[in-house]
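Q: mind folding the following:
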Amino acid sequence: MKLDKLFMTAIALFVLSNANSFAQGPNNTGTYYQAADGKKGKELKTALCAIINPHTQRTYKQLWTDFEKTDKKANGKVWDMYSNKREMTFGTDQAGSYSKEGDVYNREHSFPKSWFNDEYPMYTDLYHLYPTDGWVNNKRGNDPFGEVGPGYASSYSEFSKWGSARSDLGYSGNVFEPNDEYKGDFARTYFYMVTCYESYVNSKNQSRQITSWNCPMLDGKVYPGFSDWALAMLMKWSENDPVSDKETNRNEAVYGIQNNRNPFIDYPGLEKYIWGDMKDEAFSYDGSASGIKNIEEQDEVEGYYSLDGKRLQKPQRGVNIVKTKSGRTKKIIKR
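A: As a prediction, this is how the structure comes out:
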């Protein structure tokens, strides 16, 4: 039985266009997003930039301790989204030299720093920085995210893959393909980066735009910001891998440190209102709260599904999609 992918976001997209009596944003955000109310498409992206861009800038050294708040598993180990070779310990396995996968973890700019010329505040923005296996991180280098073709190399158990892009991707260079479990996480990371830094002031008090950034995933414009192939892929990734508790909890942790938020986590499906088939519909910051927030509440479960749409008798270890009888869907991770 195939899980209807369009259905997975239908409820979230519907409530995004139907305001109701709720006067607060989702996840206790209050009126944080109110200035974006009524905006659509390009204007919505610009309005969100003005809201989320101001934040507390971290030092590069502070990231090590920040990760202990933002990327800690329930068992206290490092939550590595590039490798599942070995569970690492904060501090003990931090940085240092490595010769193989599983040696150390380091600070990964999932949006490579060379793309934005090593500028601050992007350089230490926790919304795109993650603790990842040093060896796998090195294998990625500055390659864009993508989907590999035949002849690829991989990390342990093919958790991450790298090599030439598949022939129909729309890009012909080398790419790094993260695990399906985290493709949506990285898509929403990229939506954040292209929105947050549409316009910004760098550490030298110089005004900048993403038009000065250089990478194959961007189009050199303020809007849409992404290359056609990259946008199509990221939209697909975000739809197929919905927002998880991991992302929601991390969003809260980063907010506690930087005092800004990732709206693509707070409002699942928001990207549709900027780049997708809902870009002619007005965004409602409080109207969306009811549908998005209620998806986190208890509801009678209709069934559990794997990422490829197969119905499960019960949640399996790894990523599962839960569909409730009221029509809501949610990603959960069982360990």
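Q: the nearest residue to residue 271 once chain neighbours are set aside: which element?
A: Of all residues not flanking residue 271 in the chain, residue 191 sits nearest, at 5.3 Å (Cβ to Cβ, 6 or more residues apart in numbering). The C-beta positions use only the backbone N, C-alpha and C, and glycine is treated the same way. Assigned by DSSP states H and E, residue 191 falls within helix 183-196.
Q: packing partners of that helix?
A: Secondary structure elements in contact with helix 183-196, counted by 3 or more Cβ pairs under 8 Å, 6 or more residues apart in numbering; DSSP states H and E, are helix 41-52, helix 228-240, helix 245-258, helix 263-266, helix 271-274.
Q: those helices into JSON lines, with extra columns for mean pLDDT and distance to residue 133?
A: Converted to JSON lines, the helices and strands packed on helix 183-196 look like this (pLDDT from 0 to 100; distance: least, Cβ to Cβ, whole Å):
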{"stretch": "helix 41-52", "mean pLDDT": "98", "distance to residue 133": "29"}
{"stretch": "helix 228-240", "mean pLDDT": "98", "distance to residue 133": "21"}
{"stretch": "helix 245-258", "mean pLDDT": "98", "distance to residue 133": "18"}
{"stretch": "helix 263-266", "mean pLDDT": "97", "distance to residue 133": "24"}
{"stretch": "helix 271-274", "mean pLDDT": "97", "distance to residue 133": "28"}
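Q: adding mean neighbour count and distance to residue 127 as columns, could you present these in CSV?
A: Shown next, in CSV, are the helices and strands packed on helix 183-196 (neighbours: other Cβ atoms under 10 Å; distance: least, Cβ to Cβ, whole Å):
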stretch, mean neighbour count, distance to residue 127
helix 41-52, 19, 9
helix 228-240, 20, 15
helix 245-258, 18, 6
helix 263-266, 26, 9
helix 271-274, 24, 15
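Q: looking at these, which is closest to residue 105?
A: In terms of Cβ to Cβ, the element of those nearest to residue 105 is helix 245-258, at 16.0 Å.
Q: quick one: the strands in the stretch 1-150 of the chain, in order.
A: In the stretch 1-150 of the chain, the segments counted as strands under DSSP state E, counting those that start in this stretch are 105-109, 129-133.
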